[in-house]
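Undergrad: okay, here's the prediction I keep looking at, along with the sequence it came from:
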Amino acid sequence: MSDHVARDHIELLTRASTMPPKPESSPPSAPDLDILGDQLTIHPTGYVQPPYTQHEGQERNLVEHMARFRESPLDFLKEVSLHVSGMGWRAYDDIIGQPIFYSGFSENMKATVLRTPMLRRRIEQLAQQRVEIEEQQGLLGEEKDKFRNRARRKQEIETSLQEVAADLTDGMICKMESKRFIRGAYYLCTQLLTRAYHQGIHVSSEEVLRLRSVAEQAAKNKQSIIFLPCHRSHVDYVSLQLICYRLGIGLPTVVAGDNLNFPVVGSFLQHAGAMWIRRSFGDDALYTTLVQSYIDTLLQNGFNFECFIEGGRSRTGKLLSPKFGILSFLLDSVLSGRVDDAIICPVSTQYDKVIETESYISELLGQPKPKENLQDFLSASSVLSLKLGRVDVRFHEPWSLREFINGQQARKDQLTPTHRAASLQNPEGRTRLLRTLGYKVLSDINTVSVVMPTALIGTVLLTLRGRGVGKSELIRRVEWLSDRVRNKGGRVAHFAGAPTEVVVDRGLDVLGSGLVGIIDNLPETTYYAVDRFQLSFYRNMTIHLFISEALVSAAMYTRVKQGGGPENQRISFDALYNQVSFLSQLFRGEFIYPTAGLLTNLEVTLQGLERDQVISVTRDPTDKILSVDLHEIERKSGRENFDFYCFLIWPFIESTWLGAVSLMGLTPPLSQKSDVWLNVTKTQDAAQLLGKTLYHQGDLSYFEAVNKETLKNAFQLFEEEGMVLLHKSRDKKIPSTIKLAESWTPKHNQETGVIISEGKLWTFIETIAQSRREGKNRRDGATVSTRVLVLADKIGHQLFENAAAPAHAASKEGQTPKKRRRKEIQTRARL
């Protein structure tokens with residue numbers, strides 16, 4: 001980027017950050033910028049009626065900033081020429097960060113990694129271990145030559161391991177050494193991205209200014225910025241790279257799973273910044289050390305870095321629990337002192353519509369994930385002509401990883417400095433520090449995330465009791481939800497101050513008829529959810545803001561669903577606290593809670609609901625809460641706000657209830673005498689099959705409750721609670737196995753063989769069921785319980801039969817060769 005262009009760029013951003021905020025009740029925020037092709041456009045503070053009769057006219061103008069060959073061949077060729085020649089900002093000169101784009105960069109990086117003391121020590125250690133094994137096996141020759149042979153053999157093994165490390169490094173490291181290639185890649189990716197997301201990439205001017213300032217200081221200190229984004233789409237890393245390129249910030253090295261490293265595409269991504277790693281390291285000590293050495297090298301030299309805090313893409317729309325693999329490497333680099341410091345920058349990327357949602361639904365319903373290949377990658381071009389709205393990228397205020405570590409240690413004031421330093425090397429203390437780091441990043445991402453119009457619409461449509469909703473009511477509820485989001489400290493994506501009706505129309509247009517249906521031949525246009533499962537992806541983008549209210553409402557529902565007058569539906573504070581505590585523990589792997597503690601969070605939530613006139617709270621003279629019930633105004637309004645919070649959490653309650661019911665099927669049949677462990681994957685597949693059956697028979701209210709990810713989280717909870725025993729296999733060819741813990745195993749009726757609906761597990765199921773939704777077509781009762789149990793037992797029997805079949809075959813065919821031979825001889829002798 002030339003100096004005058006950079007100055008113009010900063011001036012533009014400065015003007016944007018000082019523009020007066022639009023008048024509204026929410027706190028003022030800096031205007032958005034949209035980055036689309038060559039244009040970096042400031043959103044006006046007030047709504048300007050588009051010059052076209054159709055509301056999408058403004059978006060069309062934005063798209064036209066990227067010339068198309070068929071529409072304007074001369075402009076298209078001019079743009080290509082500017083990118084090829086590197087004119088103006090396209091040259092990507094004088095970037096903020098360390099120099100990358102020079103011939104020989106990859107070889108220098110490779111040589112630096114292979115010279116790291118850590119890697120050299122590991123190679124020497126592995127060679128020594130191998131020599132000792134060969135010595136024990138008598139492979140080093142005569143005793144008199146053993147010393148010389150040992151040294152020679154160790155040198156041979158070290159040389160071999162160095163060659164292996166060199167090959168692994170070459171296949172792993174990013175190779176961003178051609179500026180011409182990067183310019184071409186930027187132009188190609190922008191063309192493709194803006195065809196799909198026709199409203200471009202939007203960022204906050206205030207956040208961009210702050211990021212540039214931090215990047216400048218980090219470059220002076222030769223420190224890396226570690227971008228930690230959420231992960232919902234493959235577009236995530238593309239959009240962040242485009243932003244860094246357009247703003248003149250050094251492109252980060254991006255951690256990517258080697259499942260994307262297939263012909264053509266793999267090489268392209270590696271030269272554009274991808275660092276390839278295996279999906280699982282296993283016990284490969286050399287590879288683990290190599291990854292750590294490469295990360296150390298990047299951070300020691302101040303190269304920017306990017307990895308996804310959730311590991312893989314979220315298939316459900318909400319944030320996943322943090323994955324600690326790469327995060328552990330980053331923490332170890334600074335904690336060990338090999339790297340002085342690094343700057344953490346949490347990033348939120350939100351979409352009007354995610355390209356991959358249809359494939360996500362297939363995976364969540366149990367279809368195996370297809371292996372990435374070039375044909376499928378190219379077939380994605382069919383979606384590039386769609387209008388998927390816009391991408392919103394938000395940057396949390398960056399912070400020092402070193403200061404975070406020091407701050408966590410300072411909290412242990414009772415420890416002496418000596419013990420405090422020693423605790424850094426304590427595995428338990430390090431694990432606690434790592435978890436705190438991961439959840440802090442997730443919390444920061446949630447803080448800066450914006451709620452897109454499609455998420456507002458999807459949430460409203462899935463939290464109404466009726467089949468559909470009229471246009472005016474949809475607009476009213478979207479406005480109500482927008483206010484709720486802002487009051488909770490969240491952000492709503494703004495469209496230049498456009499009226500809610502215009503924003504809703506845009507959102508409906510992006511979602512399309514495949515997700516939201518329209519009935520026109522009525523007094524009022526009516527909308528309804530067509531694909532509720534897929535639409536739940538967008539609803540889940542808002543649930544983190546209201547999780548406390550949802551848990552309280554679900555706990556109150558244990559009384560509200562009983563009907564009758566207010567007295568009958570009132571719940572004591574102790575009963576409310578116990579159920580909220582139970583539900584909070586139930587979903588500790590699903591959601592991120594405020595850190596103030598359960599009692600404080602509950603009291604704050606009750607105060608907020610009381611202020612919003614959703615509930616009424618009865619207190620004693622000392623202001624102690626005695627009981628809670630629905631507010632009179634909330635009853636008169638048809639419980640719409642209370643129901644909204646319940647609808648948010650009910651699908652997750654259903655899914656966990658389903659997982660717990662499926663455990664009843666793991667009760668060994670009376671005929672089963674031996675101890676049988678069941679295949680974990682098949683067990684979870686059986687839970688999905690049980691859920692689909694219960695849904696179609698009317699005993700499950702939400703089809704999305706059968707989704708694979710939520711059930712997997714439920715089984716993780718069951719393991720943590722000691723309800724099941726899990727034997728995890730490190731070998732992919734050997735499946736992990738599961739069985740019920742003895743204390744949680746139900747009893748059978750000795751005469752009929754039927755599982756008895758009592759015991760520890762059944763009590764657990766019933767406690768979940770208290771907060772389940774009760775619709776017109778379903779009531780919990782003895783008949784339902786019996787039917788559900790019979791079905792769970794039937795599916796469980798099939799699991800045990802399948803598990804016993806291979807074991808029976810092994811007893812015949814899996815005998816040792818010596819035993820088989822002896823049996824054959826005995827048989828021939830009898831003949």
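TA: Received, thanks.
Undergrad: you'd agree Leu474 is up against Val504?
TA: Yes. With contact defined as C-beta atoms under 8 Å, Leu474 counts as touching Val504 (6.4 Å). (Glycine included, C-beta is placed from N, CA and C.)
Undergrad: higher neighbour count, those two?
TA: Neighbour totals were compared for Leu474 and Val504, and Leu474 leads with 25 against 22 (other C-beta atoms under 10 Å).
Undergrad: contacting residues around that one?
TA: Leu474 sits next to Ile457, Val460, Leu461, Val504, Tyr527 when contact means C-beta atoms under 8 Å, 6 or more residues apart in numbering.
Undergrad: quick one: which of those residues is most hemmed in?
TA: Ile457 (29 neighbours).
Undergrad: run a quick neighbour tally on the residue nearest to Gly311 when sequence neighbours are not counted.
TA: Nearest residue to Gly311 in three dimensions, chain neighbours excluded: Lys323, at 3.3 Å (C-beta to C-beta, 6 or more residues apart in numbering). For Lys323, the neighbour count with other C-beta under 10 Å is 16.
Undergrad: so how far is Gly438 from Lys323?
TA: Per C-beta to C-beta, to the nearest Å, Lys323 is found 8 Å from Gly438.
Undergrad: what do the two both touch?
TA: With C-beta under 8 Å, 6+ apart, Lys323 and Gly438 have common neighbours Ile309.
Undergrad: can you pull out the helices in the stretch 401-550 of the chain?
TA: 401-410, 417-423, 427-448, 453-461, 471-487, 500-511, 532-539, 547-560 (DSSP state H, counting those that start in this stretch).
Undergrad: hmm, I typed the wrong one, I wanted the stretch 101-250 of the chain.
TA: Going by DSSP H, counting those that start in this stretch, the stretch 101-250 of the chain shows helices at 105-114, 117-136, 146-172, 179-196, 205-220, 235-247.
Undergrad: can you count the residues close to the closest residue to Ser280 other than its chain neighbours?
TA: Closest residue in space to Ser280, ignoring its immediate chain neighbours: Lys732 at 7.8 Å, by C-beta to C-beta, 6+ apart. For Lys732, the count of nearby residues is 8 (other C-beta under 10 Å).
Undergrad: Lys732 should be in a strand, yeah?
TA: No. Counting by DSSP: H, G, I helix; E, B strand; the rest coil, Lys732 is not found in a strand; it is coil.
Undergrad: angles on the backbone of it, please.
TA: phi -60, psi -30 (degrees, to the nearest 10).
Undergrad: over to Ser616?
TA: The phi/psi pair for Ser616 (degrees, to the nearest 10) is phi -120, psi 140.
Undergrad: give me the nearest residue to it, chain neighbours excluded.
TA: Per C-beta to C-beta, 6+ apart, closest to Ser616 is His631, 4.9 Å.
Undergrad: so what's the residue count around that neighbour?
TA: Number of residues near His631 (other C-beta under 10 Å) recorded here: 21.
Undergrad: who's in contact with it?
TA: Glu610, Gln613, Val614, Ile615, Ser616.
Undergrad: now do it against Asp340, distance only.
TA: Using C-beta to C-beta, His631 is found at 56 Å from Asp340.
Undergrad: Thr600 now?
TA: 37 Å.
Undergrad: model confidence over the longest strand seen in the chain, on average?
TA: Counting residues, the longest strand in the chain under DSSP state E turns out to be strand 343-351. If you average the pLDDT over strand 343-351, you get 95.
Undergrad: tell me the first helix or strand C-terminal of it.
TA: Once the chain leaves strand 343-351, the next helix or strand it forms, by DSSP states H and E, is helix 357-364.
Undergrad: export that following helix to PDB, keeping only CA atoms.
TA: The C-alpha trace of helix 357-364 is given here as PDB (Å, rounded to 0.1, in the frame of the first residue of the first chain):
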ATOM      1  CA  THR A 357     -26.100 -25.300   6.400                       C
ATOM      2  CA  GLU A 358     -27.800 -27.900   4.200                       C
ATOM      3  CA  SER A 359     -24.700 -30.200   4.500                       C
ATOM      4  CA  TYR A 360     -24.600 -29.500   8.300                       C
ATOM      5  CA  ILE A 361     -28.200 -30.800   8.600                       C
ATOM      6  CA  SER A 362     -27.300 -34.000   6.800                       C
ATOM      7  CA  GLU A 363     -24.400 -34.500   9.200                       C
ATOM      8  CA  LEU A 364     -26.500 -33.700  12.300                       C
END
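Undergrad: residues making contact with stretch 159-178?
TA: 100-106, 109-110, 113-114, 119, 123, 126-127, 182, 251, 253-254, 270-277, 286-287, 290-291, 294.
Undergrad: list the buried ones in that stretch?
TA: Leu161, Ala165, Leu168, Thr169, Met172, Ile173, Cys174, Lys175, Met176, Glu177, Ser178 (16 or more other C-beta atoms under 10 Å).
Undergrad: what's the span of stretch 223-239, first residue to last?
TA: Terminal residues of stretch 223-239 lie 23 Å apart, using C-alpha to C-alpha, to the nearest Å.
Undergrad: am I right that Ile326 is in contact with Glu306?
TA: No. Assessed by C-beta under 8 Å, Ile326 is found out of contact with Glu306, at 10.0 Å.
Undergrad: re the thing from before, check the helices of the stretch 101-250 of the chain for me and report the most buried one.
TA: helix 235-247 (a mean of 23; mean count of other C-beta atoms under 10 Å).
Undergrad: ok, and what's touching it?
TA: By C-beta under 8 Å, 6+ apart, helix 235-247 touches 9, 35, 40, 89, 92, 182, 186, 189-190, 193, 196-197, 201, 203, 208, 211-212, 227, 229-230, 249-252, 254, 256, 272-273, 304, 306, 308, 347, 349, 351, 354-355, 391, 393.
Undergrad: drop anything exposed from these.
TA: Listed as buried from the contacts of helix 235-247 are 9, 35, 40, 89, 92, 182, 186, 189-190, 193, 196-197, 201, 203, 208, 211-212, 227, 229-230, 249-252, 254, 256, 272-273, 304, 306, 308, 347, 349, 351, 354-355, 391, 393; burial here means 16+ other C-beta under 10 Å.
Undergrad: for the helices of the stretch 101-250 of the chain, which has the smallest mean pLDDT value?
TA: Looking at the helices of the stretch 101-250 of the chain, the lowest mean pLDDT belongs to helix 179-196 (a mean of 83).
Undergrad: show me what it packs onto, helices and strands only.
TA: Here helix 179-196 touches helix 73-85, helix 235-247, helix 265-271, going by 3 or more C-beta pairs under 8 Å, 6 or more residues apart in numbering; DSSP states H and E.
Undergrad: thinking again about what came up before, need the contacts of His631 in JSON lines (columns: secondary structure, pLDDT and neighbour count).
TA: Output for the contacts of His631, formatted as JSON lines (DSSP: H, G, I helix; E, B strand; the rest coil; pLDDT from 0 to 100; neighbours: other C-beta atoms under 10 Å):
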{"residue": "Glu610", "secondary structure": "helix", "pLDDT": "95", "neighbour count": "15"}
{"residue": "Gln613", "secondary structure": "coil", "pLDDT": "95", "neighbour count": "14"}
{"residue": "Val614", "secondary structure": "coil", "pLDDT": "95", "neighbour count": "24"}
{"residue": "Ile615", "secondary structure": "strand", "pLDDT": "96", "neighbour count": "24"}
{"residue": "Ser616", "secondary structure": "strand", "pLDDT": "96", "neighbour count": "18"}
